[in-house]
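In: Need coordinates for the below:
(one chain, ligands or ions: 1)
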Amino acid sequence: MKHILITGSTDGIGKLAAIELAKKGHTLYLHGRNKEKLQQVIEEIKDATSNDNIDGFVADFSNLDKVKAMAQEVNEKASTLDVLINNAGVFNANQAITESGHDIRFVVNYFAPYMLTNSLIPLLKKSSEPRIINLSSAAQAPVVLEALKGEMKLSAQSAYAQSKLALTMWSVDLAKREQDMIVIPVNPGSLLNTKMVQEAYGQFWSSVDKGANILMELTENENLVAQSGVYFDNDQGRFAKAHEDAYDSNKTKTLIETTEDIING
Ligand SMILES: NC(=O)c1ccc[n+]([C@@H]2O[C@H](COP(=O)([O-])OP(=O)(O)OC[C@H]3O[C@@H](n4cnc5c(N)ncnc54)[C@H](OP(=O)(O)O)[C@@H]3O)[C@@H](O)[C@H]2O)c1
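Out: Residues are numbered from 1 along each chain as shown. As a prediction, the model looks like this:
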């Protein structure tokens, strides 16, 4: 049985994956931005699965100080962590620019998982088979560094697609740097029936089960070592090529350096 942290597990793909993984008997650490909603989901999953090994962490990922505090809390409370599923994400937002002056898509979808993951790597490394699953998307667009730094405004679609390519570039790089960990960036499937998709597009193509099922598979499959750093495209149902920038080491180096400047500045 594994110890699994799923961010953004109060709704959509993350919540359904949490229910299915709880049914299998894994120990779960759930995360949400709203304390009451998170508590309600924890109770709901405990009742539905008779699995009591479920704990929760609260943090609004649009504020990186909250991400840092959560990482510290996880490090203090969790003795083991085998799998980190960076699932929390945002597309539409009433307030597109965060207090730090950055687009919320970059902050929640990229800076937050980047920061959380780096803080949890020592804990993950205590596991015999540490694994990081990053929720990417078919929507991937070249990262404009001025936009990343908050010096240029983007549409929701552009910011979302750039944040997802940034996450994918970093995932490929992380897999190279951390050879003893499995890192998989995954597009869970396009237009799955979740709140994010209903708000953004008002329609859907597939049920949310498609996304939850691939997260289950990537969490439990014991034969993924050779696939670390390879993008899984669930629209095609197989490992595939991500956007070409994900394999451009110069662009990735600049992205990571800029990211470090932003989150440490
Ligand atoms: N659905 C799709 O077709 C699709 C396709 C490609 C990729 N994805 C990716 O899959 C992941 C899950 O998306 P979903 O479709 O399941 O969306 P969703 O139903 O809207 O769920 C998103 C989750 O992220 C949380 N979240 C949002 N903003 C947050 C913030 N500021 N701080 C902390 N948590 C926050 C939400 O919390 P609340 O419950 O409080 O709202 C929720 O738990 C995302 O990364 C998304 O980009 C989805």
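
In: Do a quick rundown of the strands in the stretch 151-265 of the chain.
Out: For the stretch 151-265 of the chain, applying DSSP state E, counting those that start in this stretch gives strands covering 182-187, 231-233, 238-240.

In: deepest of these, which one?
Out: strand 182-187 (a mean of 24; mean count of other CB atoms under 10 Å). Bear in mind the C-beta positions are built from the backbone N, C-alpha and C, glycine included.

In: For burial, what's the neighbour tally of the nearest residue to Y201 once chain neighbours are set aside?
Out: Of all residues not flanking Y201 in the chain, L191 sits nearest, at 6.2 Å (CB to CB, 6 or more residues apart in numbering). Residues lying near L191 (other CB atoms under 10 Å) number 16.

In: Quick check, L191 in contact with G202.
Out: No. Here L191 does not reach G202: they are 10.4 Å apart, not a contact under CB atoms under 8 Å.

In: tell me which parts of the protein are close to the ligand?
Out: 8, 10-14, 32-34, 37, 60-62, 87-90, 108, 135, 137, 187-188, 190-192, 194-197 (CB under 6 Å from any ligand atom).

In: Out of the residues you listed, which sit inside helices?
Out: Members of the residues of the chain next to the ligand lying in helices (criterion: DSSP state H): 12-14, 37, 195-197.

In: Would you convert those into a markdown table that also reports pLDDT, distance to R177 and neighbour count?
Out: Output for those, formatted as a markdown table (pLDDT from 0 to 100; distance: CB to CB, whole Å; neighbours: other CB atoms under 10 Å):
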| residue | pLDDT | distance to R177 | neighbour count |
| --- | --- | --- | --- |
| G12 | 98 | 30 | 23 |
| I13 | 98 | 27 | 28 |
| G14 | 98 | 26 | 29 |
| K37 | 98 | 35 | 14 |
| K195 | 96 | 34 | 12 |
| M196 | 97 | 30 | 18 |
| V197 | 96 | 33 | 19 |
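
In: and the two most separated of the residues you listed?
Out: K37 and V197 (18.9 Å; CB to CB).

In: ok now do the one residue in the stretch 51-200 of the chain that gets nearest to the ligand, which residues does it touch?
Out: Per CB to the nearest ligand atom, G89 is where the stretch 51-200 of the chain lies closest to the ligand, at 2.3 Å. Going by CB atoms under 8 Å, 6 or more residues apart in numbering, G89 touches 8, 108-109, 135, 196.

In: and with 10 Å instead?
Out: Contact analysis of G89 by CB atoms under 10 Å, 6 or more residues apart in numbering lists 7-8, 12-14, 61, 105, 108-110, 112-113, 135-137, 160, 163-164, 167, 194, 196.

In: T117 too?
Out: By CB under 10 Å, 6+ apart, the contact set of T117 is 7, 71, 84, 86, 124, 132, 134, 170-171, 174, 178, 181, 183.

In: same thing but 6 Å
Out: Applying CB atoms under 6 Å, 6 or more residues apart in numbering, one finds that T117 lies in contact with no residue.

In: Understood, closing this out.
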